[in-house]
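Visitor: got a predicted structure plus its sequence, pasted below:
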Amino acid sequence: MHQDISLTVGNFLQSQLCKNILASFSKVIYYRLQRSSCSRAVKKSKNGSGMKTLNVKALIYFRHACYRKTINLNPCYLNLKFRLMQNQTIIQYFHWYYNEEQNLWTKVAQEAAHLNEIGVTGVWLPPAYKASTGGYSVGYDVYDLFDLGEFDQKGSVNTRYGTKQEYIDAIKALQDQGISALADIVFNHKAGGDELEKVPVRTVNPDNRNEFTSDVFEIEAWTKFTFPNRAGKYSTFIWDHQCFSGVDWAEDLKETAIYSIQNHVGEGFEEVPSTELGNYDYLMFSDIDYRNRAVVEELKYWGEWLVEATNIDGFRLDAVKHINPDFIKEWIDHLEEKYQRKFFIVAEDWNVENTESQEEYLRLMEGKTQIFDSLLHHNFFLASKDGNGFDMRTIFDNTLISISPELAVTFVDNHDSQPLQALESYVEFWFRPIAYSIILLREQGIPCLFFPDLYGGIYDDKNPEGEDTHVDLAILPGLEIMSKVRANLSYGEQRDYFDHSNCVGWTRGGDEEHENSGIAVLLSTGDEGFKKMEVGQNFAGKTFIDALGHREQEVVIDESGWAEFHCDAGSVSVWILKND
Ligand SMILES: [Ca+2]
Ligand SMILES: [Ca+2]
């Protein structure tokens with residue numbers, strides 16, 4: 001694995017190997033490369049020497065050339081060695097109502113080999129630290145970031161998902177399968193303070209948080225966090241009202257309002273990406289104030305602690321539109337600098353209106369994070385409701401993937417959009433295979449599967465009208481097949497046939513590195529469909545079959561590389577080379 005090769009950096013940048021790495025490397029790095037002096041060499045490498053063997057030494061040369069730094073070998077690169085040639089696929093490994101008997105950390109460890117088998121390369125795990133509602137919490141009401149299920153706080157040692165050791169074991173089990181583990185990071189707020197403090201506040205207009213509606217007065221608020229049962233282990237930092245920019249509950253007055261905390265770093269809210277409601281710094285609980293340098297330093301230290309305690313590979317950042325973006329950048333830079341490695345980072349910047357705010361966030365972040373494409377999810381939702389009334393030629397209109405495919409993480413649904421949750425906009429079942437074919441089998445974007453589509457989910461909760469409601473999310477047929485097709489066959493030139501309002505398709509021409517690669521996808525939101533599409537002349541005379549098994553016929557590619565492909569009504573067919 002450590003054998004030397006006689007490639008200079010210059011030779012390396014000209015090689016096919018370099019091109020292959022770029023094709024499947026973190027898209028963030030590619031984004032940065034496009035702006036660097038390497039870009040010309042990289043473009044030229046398309047006509048390179050055709051090397052096929054990957055090795056670690058070459059990767060180090062490569063990184064050295066990109067960053068002009070000495071880079072130490074670490075397990076991250078070893079993982080890459082096996083991952084370079086494969087499309088990336090993430091799974092959100094939980095949903096709001098995860099209620100299986102087995103705790104989640106144990107389940108994911110047990111499932112790691114299966115996830116690898118179906119082509120998953122990254123697993124987004126839910127918030128792992130103790131929340132204010134202890135063992136019941138989904139995890140977003142974070143109480144103590146240093147308690148990963150280790151201390152008897154908030155009613156239990158374990159979190160809803162297990163203990164610290166089970167979390168560490170789960171991450172290790174994933175990494176043993178070459179899968180990256182992503183931690184869910186909640187930096188907007190803290191909940192469940194240990195002690196009351198007298199806090200000087202001013203109320204603001206809830207619809208325009210820039211507008212004060214009172215003079216300064218004192219309330220009693222739960223803004224002091226001392227973590228008595230952790231007793232200073234890992235960190236002695238005590239949080240108080242100097243660390244927060246707002247709260248919404250006055251204990252002494254028993255009153256809810258948006259209280260802007262008047263602390264030593266400022267009297268109003270921080271500037272954050274979202275200007276909804278005038279200023280959307282305040283979302284819930286005790287809102288963290290990043291103008292306080294002690295807070296910034298504590299959370300940078302916590303990041304180091306987390307990386308070293310868990311060996312995590314990357315992060316999903318919660319609610320970034322409510323958080324000071326300078327802090328996020330500083331935090332990422334700090335960890336990448338300290339550990340001399342890239343973390344895979346995807347930010348939640350929920351928006352279903354327009355691309356402008358997401359473009360603005362990418363600009364602010366300078367390409368340091370990927371973003372979930374909530375706009376594409378929204379289009380899926382609308383299309384699933386409209387049936388054949390939706391013009392599938394417009395499915396990518398007003399989406400992140402259409403303007404910044406390198407940085408888009410695509411998904412069909414998540415824990416907020418699932419039935420009975422806050423942003424409920426669940427894509428209807430009939431359309432889900434179509435939506436998954438679009439995120440899994442095209443070149444653009446890194447797709448994120450949703451746990452219930454793979455495992456199902458059965459739960460009860462109140463609907464918005466307050467009525468008891470039973471939900472049964474079925475396992476999605478064909479999802480594992482499409483995920484495997486993505487991992488193994490969906491490579492090469494993409495040809496698009498988005499030329500009909502209900503029936504659209506595309507092909508991938510295959511490449512040399514992936515045996516039998518090359519596919520054709522045809523979907524219809526209306527009647528049974530057919531379309532002539534080109535897969536490439538190298539397939540002339542070859543037979544294709546529907547991997548999903550909806551269509552029983554075989555399709556033979558003509559001598560010019562074209563064929564007529566078919567799909568059922570309201571369905572998708574994924575055509576792959578028939579194995580003789
Ligand atoms: Ca905030
Ligand atoms: Ca804040």
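Guide: Yep, it's here. Keep in mind it's a predicted model, so treat the numbers as computed, not measured. Ligands and ions are numbered 1, 2, ... in the order given.
Visitor: how about the longest helix anywhere in the chain and ligand 2, any contact?
Guide: Counting by DSSP state H, the longest helix found in the chain is helix 293-310. No - Helix 293-310 stays clear of ligand 2 (Cβ under 5 Å from the ion), getting no nearer than 9.4 Å. Placement of C-beta: from N, CA and C, glycine included.
Visitor: residues making contact with the helix or strand that comes right after that helix?
Guide: For helix 293-310, the following helix or strand on the C-terminal side (DSSP states H and E) is strand 314-317. Strand 314-317 has contacts (Cβ atoms under 8 Å, 6 or more residues apart in numbering) with 122, 124, 180-185, 187, 323, 328, 343-348, 369.
Visitor: okay, now the unreliable bits of the stretch 201-350 of the chain?
Guide: For the stretch 201-350 of the chain, no stretch has pLDDT under 70.
Visitor: can you give me the strands in it?
Guide: 208-212, 217-224, 244-250, 255-261, 286-288, 314-317, 344-347 (DSSP state E, counting those that start in this stretch).
Visitor: wait, what's in contact with whatever residue of the stretch 201-350 of the chain ends up closest to ligand 2?
Guide: Ranked by Cβ to the ion, the top residue of the stretch 201-350 of the chain for proximity to ligand 2 is Ser245, at 3.7 Å. Neighbouring residues of Ser245 by Cβ under 8 Å, 6+ apart: 260-261, 263, 266, 269-270, 281-282, 287-289, 291.
Visitor: shouldn't Ser274 be in contact with Ile323?
Guide: No - with contact defined as Cβ atoms under 8 Å, Ser274 does not reach Ile323; the gap is 9.5 Å.
Visitor: out of these two, which sits in the busier spot?
Guide: Ile323 (26 against 20; other Cβ atoms under 10 Å).
Visitor: nearest spatial neighbour of whatever residue of the stretch 401-550 of the chain ends up closest to ligand 2, skipping sequence neighbours?
Guide: Going by Cβ to the ion, ligand 2 is nearest to Ala422 of the stretch 401-550 of the chain, at 20.5 Å. Counting by Cβ to Cβ, 6 or more residues apart in numbering, Ala422 lies nearest to Asp416, which is 5.6 Å off, once chain neighbours are set aside.
Visitor: can you tell me the helix or strand for that neighbour?
Guide: With DSSP H and E as the test, Asp416 turns up in no helix or strand.
Visitor: out of the contacts of Ser245, flag the one nearest to Val307.
Guide: Lowest distance from Val307 to the contacts of Ser245 (Cβ to Cβ) belongs to Ile288, with 20.1 Å.
Visitor: circling back: how far away from the center of its chain is the longest helix of the chain?
Guide: Distance, stretch centre to chain centre, for helix 293-310: 21 Å (Cα atoms, centre = their mean, to the nearest Å).
Visitor: same thing with stretch 170-177?
Guide: On Cα atoms, centre = their mean, the centre of stretch 170-177 falls 18 Å from that of its chain.
Visitor: with stretch 426-436 instead?
Guide: 19 Å.
Visitor: now what about it, what contacts it?
Guide: Against stretch 426-436 from outside (Cβ under 8 Å, 6+ apart): 377, 380-381, 383-385, 412-413, 417-419, 447, 449, 453, 474, 476-479, 482, 523, 525, 548, 570-572.
Visitor: buried ones among those residues?
Guide: 377, 380-381, 383-384, 412-413, 417-419, 447, 449, 453, 476, 478-479, 482, 523, 525, 548, 570-572 (16 or more other Cβ atoms under 10 Å).
Visitor: narrow those residues to those in helices?
Guide: 377, 380-381, 383-384, 453, 479, 482.
Visitor: give me the pLDDT value at the residue of the stretch 1-150 of the chain found nearest ligand 2.
Guide: For the stretch 1-150 of the chain, the residue closest to ligand 2 is Val142, as judged by Cβ to the ion, at 14.4 Å. Looking at Val142, its pLDDT reads 98.
Visitor: find the nearest non-adjacent residue to it, please.
Guide: Nearest to Val142 is Val186, by Cβ to Cβ, 6+ apart, at 4.6 Å.
Visitor: share the number of residues neighbouring that neighbour, please.
Guide: Neighbours of Val186 (other Cβ under 10 Å): 22.
Visitor: was I right about it contacting Tyr143?
Guide: No - with contact defined as Cβ under 8 Å, Val186 does not reach Tyr143; the gap is 10.4 Å.
Visitor: re earlier: residue contacts, the residue nearest to Ala422?
Guide: Asp416 neighbours (Cβ under 8 Å, 6+ apart): 96, 350, 422-423.
Visitor: who's the most centrally placed residue in the chain bridged to?
Guide: Residue closest to the average C-alpha location in the chain (Cα atoms, centre = their mean): Val346, at 4.7 Å. Beta bridges link Val346 to Arg316, Gln370, judged by DSSP bridges.
Visitor: list the contacts for the residue nearest to Ala487 when sequence neighbours are not counted?
Guide: Among residues not flanking Ala487 along the chain, Gly119 sits closest, at 2.7 Å (Cβ to Cβ, 6+ apart). The contact partners of Gly119, by Cβ under 8 Å, 6+ apart, come to 86-87, 89, 483-484, 486-488.
Visitor: which ones among those residues map onto helices?
Guide: 483-484, 486-488.
Visitor: write out the residues of this protein neighbouring ligand 1.
Guide: Near ligand 1, when you scan the chain using Cβ under 5 Å from the ion, you find 188, 281, 287, 322.
Visitor: number of nearby residues for the second one?
Guide: Look at Asp281: counted by other Cβ under 10 Å, it has 26 neighbours.
Visitor: got it, and the first one?
Guide: For Asn188, the number of neighbouring residues by other Cβ under 10 Å comes to 24.
Visitor: on that earlier part again, reformat the residues of the chain next to ligand 1 as CSV; add distance to Ala170.
Guide: Shown next, in CSV, are the residues of the chain next to ligand 1 (distance: Cβ to Cβ, whole Å):
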residue, distance to Ala170
Asn188, 25
Asp281, 34
Asp287, 31
His322, 29
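Visitor: now for the residues you listed: which two are most distant?
Guide: Between all members of these, the farthest pair (by Cβ to Cβ) comes out as Asn188 and Asp281, at 8.7 Å.
Visitor: what residues are shared contacts of the two?
Guide: 287, 322.
Visitor: and the helices in the stretch 151-300 of the chain?
Guide: Taking DSSP state H, counting those that start in this stretch as the criterion, the stretch 151-300 of the chain contains helices spanning 164-176, 293-310.
Visitor: pLDDT weak spots in this protein?
Guide: Those would be 1-84, if you go by pLDDT under 70 across the chain.
Visitor: those residues of it touching ligand 2, which are they?
Guide: 245, 270, 281, 287, 289.
Visitor: on that earlier part again, the residue of the stretch 1-150 of the chain closest to ligand 2: how many residues sit nearby?
Guide: 26.
Visitor: with Gly149 instead?
Guide: Around Gly149 there are 24 residues (other Cβ under 10 Å).
Visitor: helix/strand/coil for it?
Guide: coil (DSSP: H, G, I helix; E, B strand; the rest coil).
Visitor: how about it, what does it touch?
Guide: 128, 130, 157-159, 161-167.
Visitor: and Gly192, by the same measure?
Guide: By Cβ under 8 Å, 6+ apart, the contact list for Gly192 reads 131-133, 141, 143, 154, 222.
Visitor: got it, and Lys484?
Guide: With Cβ under 8 Å, 6+ apart, Lys484 has these contacts: 117-119.
Visitor: can you tell me how far it is from ligand 1?
Guide: From Lys484 across to ligand 1, the span is 41 Å (Cβ to the ion, to the nearest Å).
Visitor: same check, this time on Asp240
Guide: 17 Å.
Visitor: can you tell me the closest non-neighbouring residue to that residue?
Guide: Spatial nearest neighbour of Asp240, chain neighbours left out: Lys224 (5.1 Å); criterion: Cβ to Cβ, 6+ apart.
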